[in-house]
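Novice: with the input below, show me the fold.
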Amino acid sequence: MTISPCISICRTDPVTGYCYGCGRSSEDKIKWKNPNTTKEWKENNLKTIRARMTGWQLESFNESYEHKLKNGTSLFKKVNQK
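Specialist: This is a model prediction of the structure:
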């Protein structure tokens, strides 16, 4: 199973249409929720969204997504639950 790249920072950039947190477009988000979407598509989409990000955004995404993979929740969501 491929874990969703959502890191609980859900705000869309009005210029690009990509989420500030995970870098996905609205279409990407819909496809991730579709039970028929393949693991291969999801893995390729993870590469695509990482390529959309640079600098602090990419660093923040990588840190939170790795935390989510290891602990089941994004770093941002964990911090806000305290």
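Novice: could you pull out the helices for the chain?
Specialist: Here the chain has its helices, by DSSP state H, at 26-33, 39-52, 55-71, 75-81.
Novice: which among those is found nearest to Thr2?
Specialist: Comparing the helices of the chain by their distance to Thr2 (C-beta to C-beta), the top pick is helix 39-52, with 4.1 Å. In this view, the C-beta of every residue, glycine as well, is placed from N, C-alpha and C.
Novice: tell me the buried residues in the closest one?
Specialist: Within helix 39-52, the residues scored as buried using 16 or more other C-beta atoms under 10 Å are 42, 45-46, 49-50, 52.
Novice: how far does that helix sit from the chain's center?
Specialist: 10 Å (C-alpha atoms, centre = their mean, to the nearest Å).
Novice: likewise for stretch 23-37?
Specialist: 11 Å.
Novice: start to end distance for that stretch?
Specialist: 18 Å (C-alpha to C-alpha, to the nearest Å).
Novice: got it, and stretch 11-19?
Specialist: Taking C-alpha to C-alpha, the first and last residues of stretch 11-19 lie 5 Å apart.
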